[in-house]
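Chemist: just need the structure, nothing else, for what follows:
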Amino acid sequence: MKRAALLPLALLAACAGAPAPQRGPVAPLPAAPRPAVASAAVAAAQPATAPAELTFVLRIANPQQTWANAAQILPSSLLVFAAGSTEPSTVLARAVGPALADFVDLARPLDVAFLGTTGARAVASLSVAEREVPRLAERFVLKEIEEHPGLSLVARARNAEPDEDDEEAPPWVCAFDPGERRGGARLLCGEDLGNIEAAAAYLVQVVAREPLEPDARIDIPERLLRKAIEEASDANDAGDDDGRAEAVGQELGTGFLRDIERASVDLTWGSADVEVGLTLRFSGRRSPLTLAFAPAAAQDAAPPPAFFRLPADTAVAFHTQGASRAELTPLREAVVGALRDDMLGDGYDAARLDRFLDRLDALAFTGGPLVFGAGANGAAAAKALAAYQGDKRAPRAQKAARLALQGWMLAAVEEPAQAWISGVQELLHLGEELDELKVGAAAGSAARAAGKPGGAPKGPAAPKDGAGKGKEGKQHTTPVIVRAPAALPAGTLHVELRSKPLAKDAPPAHTTHLYIVPSGQRTWLGLSEDDAALVDRLRVAVEPGRDARTLGAAPGADALRQRGALAGGLFSLAGVTLLAANGDTPEALDKVAEELAKLAALPARGEVAIPVAVTSEVLGSGAARVDVRVRLTRAAIEDAIALHAR
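Modeler: Take a look at the predicted model:
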């Protein structure tokens with residue numbers, strides 16, 4: 001029998017979970033004499049190293065409980081389909097043989113090393129209770145493997161003749177390692193002995209000794225990370241030359257990967273939920289991106305108060321204490337420098353460009369707390385899409401469906417609004433000057449090439465049809481400062497970004513509204529095509545009389561107030577789907593309608609709020625660690641499983 005019989009037992013820990021009782025303490029095991037074979041084990045002169053082909057390691061603290069957790073939420077038919085049975089002991093017996101399975105303690109840790117480019121080969125390290133070690137030697141013939149002292153091949157059951165077929169012989173090849181300390185005995189099972197010999201020492205001497213606090217964990221070794229770096233570098237070298245900004249982005253990403261020393265994903269069962277964690281360990285903070293992503297955060301900081309002023313119907317909310325300006329300086333210099341190089345290459349005037357970038361530099365990457373929230377009206381979007389599906393030939397229905405998909409975005413920074421308002425006004429003015437000079441220079445150059453007198457036109461000209469790449473090259477956008485609604489605080493800046501199509505497949509003509517709103521020593525920024533919806537959400541954020549409509553008054557908000565996090569927030573499947581929706585073309589509208597129909601069929605319609613918390617710690621050695629924790633309720637898990645099954 002192939003590894004498919006055993007792997008579902010291990011893999012279920014990484015893809016399923018449900019409310020379950022917490023594990024109790026494990027009682028001490030009684031002492032037991034070791035068989036003669038154990039005396040042959042010798043300690044390795046050097047610590048065992050990871051197999052050259054190791055892809056990742058899956059660890060499960062209590063396979064029996066993990067299976068029980070999965071069985072509470074997965075349909076029994078799915079378990080039978082994936083593993084062949086609803087009982088883990090049955091699955092194990094089919095994989096290693098019923099007689100040998102009897103020695104495995106499924107209430108103690110199970111480790112699986114996955115080998116090969118895609119992790120297609122596996123070696124499972126199964127716990128054997130100390131008291132069962134003598135009986136194992138009595139029941140089975142153990143042949144010591146000379147090249148691996150202490151490791152013995154489980155050849156056959158003693159009551160079977162060497163030349164007879166043994167019905168109890170394990171379908172997988174298995175070997176026994178008594179371990180070098182009490183309670184360390186393991187059965188190593190895999191498709192062939194070569195895989196076992198490659199992974200046994202590492203699984204027993206290294207992996208099994210490491211503490212396992214969560215219920216399950218996947219460890220990604222340094223070798224795989226290095227491979228990701230090499231592939232990223234190769235892709236960068238083979239990619240098209242898209243300018244300095246693109247190259248800098250690739251360099252930052254590669255540097256970030258190079259700083260990662262280790263990565264792991266873990267699961268912990270709670271009394272009413274499951275916590276999923278991602279841990280990144282950095283060997284240092286050499287990359288500008290690592291400095292920004294893993295700052296020296298205060299360990300007792302509370303979420304910014306502005307986070308709880310976000311509207312209660314926010315679908316995706318995020319807050320961060322932020323890195324310091326000093327930690328952001330390398331990233332800011334890299335990004336601004338790349339932007340300058342590209343804009344100079346596009347023909348912009350150097351002197352005015354430097355003024356523009358200096359002003360941008362004063363606003364961007366300043367460090368400190370940041371709050372972000374976004375939402376969309378899912379019911380209105382579904383209604384508009386249904387109307388559009390009923391009559392696709394009606395341009396009005398298509399326009400209404402696209403507009404209904406346009407959500408709103410809010411952001412808040414703990415800085416006075418006047419600096420932002422004056423800064424954005426100056427940026428708009430300098431940007432207009434840059435465009436006028438560029439167009440004039442281009443016109444003059446064309447006239448000289450034609451041998452005719454010519455000057456700059458009066459005002460900026462729109463790019464040619466289809467100029468540029470991506471969505472930006474298919475439309476021309478003009479910013480215009482207009483009067484802000486009286487409903488918003490005095491001094492609010494209102495900018496309309498008026499876009500016109502330049503190509504047949506471009507978005508239709510539309511106007512996006514940008515607001516910069518003062519609120520004491522705080523600044524709120526808002527962006528949306530739906531002006532009325534955006535103004536309403538901004539009023540919720542800045543007016544104390546609307547506290548009841550804020551995120552701080554929403555059910556479950558107390559769970560988001562934990563101290564000591566670098567960042568945190570919440571999201572929902574429905575919210576992410578709506579905010580990522582693109583309704584610019586008929587094909588895009590059809591795709592969104594299909595995705596929303598799938599959400600509507602889920603048990604909780606994808607509307608369950610999923611909280612996230614991020615912590616960051618800079619260690620004394622210069623290394624750093626970042627932990628991302630996501631808490632999933634039973635309803636959220638059921639939605640995710642149902643969505644994946646569709």
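
Chemist: quick one: low-confidence parts of the stretch 1-150 of the chain?
Modeler: Filtered on pLDDT under 70, the stretch 1-150 of the chain yields the residue ranges 1-47, 73-86.

Chemist: just the helices in it please.
Modeler: Assigned by DSSP state H, counting those that start in this stretch, the stretch 1-150 of the chain shows helices spanning 7-15, 63-73, 76-83, 88-96, 98-101, 133-139.

Chemist: check which helix or strand residue 262 maps to.
Modeler: strand 260-269 (DSSP states H and E).

Chemist: what packs against that strand?
Modeler: Using 3 or more CB pairs under 8 Å, 6 or more residues apart in numbering; DSSP states H and E, the elements in contact with strand 260-269 are helix 7-15, helix 63-73, strand 216-220, helix 222-238, strand 273-282. Any C-beta I mention is one placed from the backbone N, CA and C, and that applies to glycine too.

Chemist: which of the helices and strands in the protein ranks last by mean pLDDT?
Modeler: Lowest on mean pLDDT, DSSP states H and E among the helices and strands of the chain sits helix 7-15, with a mean of 34.

Chemist: quick one: residue 512 is in a strand?
Modeler: Yes. Per DSSP: H, G, I helix; E, B strand; the rest coil, residue 512 lies within a strand segment.

Chemist: return the distance of the residue nearest to it when sequence neighbours are not counted relative to residue 159.
Modeler: Residue nearest to residue 512 in three dimensions, not counting chain neighbours: residue 497, with 4.3 Å by CB to CB, 6 or more residues apart in numbering. According to CB to CB, to the nearest Å, residue 497 stands 82 Å off from residue 159.

Chemist: more neighbours: which of these two?
Modeler: Each of residue 497 and residue 159 has its neighbours counted (other CB atoms under 10 Å); residue 497 has more, 15 against 10.

Chemist: note down every partner strand of whichever strand or helix holds the more buried one and its orientation.
Modeler: According to DSSP H and E, residue 497 maps onto strand 493-501. Using DSSP bridges, the strands paired with strand 493-501 are strand 475-482 (antiparallel), strand 510-519 (antiparallel).

Chemist: so for residue 380, which of the ones you listed sits nearest?
Modeler: Residue 380 lies closest, by CB to CB, to one member of the strands paired with strand 493-501: strand 510-519, at 17.0 Å.

Chemist: distance from the chain centre to that closest one, please.
Modeler: Relative to the centre of its chain, strand 510-519 is centred 30 Å away, using CA atoms, centre = their mean, to the nearest Å.

Chemist: the helix or strand following it to strand 493-501, inter-axis angle?
Modeler: With elements assigned by DSSP H and E, the helix or strand that comes after strand 510-519 is strand 522-528. Following axes from the mean of the first three to the mean of the last three CA atoms, to 10 degrees, one obtains 20 degrees for the angle between strand 522-528 and strand 493-501.

Chemist: strand 522-528 - what's its average pLDDT?
Modeler: On average, the pLDDT along strand 522-528 is 97.

Chemist: what packs against that strand?
Modeler: Short answer (3+ CB pairs under 8 Å, 6+ apart): strand 522-528 packs on strand 408-413, helix 417-449, strand 510-519, helix 531-542.

Chemist: direction included, what does it pair up with?
Modeler: Going by DSSP bridges, the partners of strand 522-528 are strand 408-413 (antiparallel), strand 510-519 (antiparallel).

Chemist: and the ones you listed: which comes nearest residue 565?
Modeler: strand 408-413 (17.2 Å).
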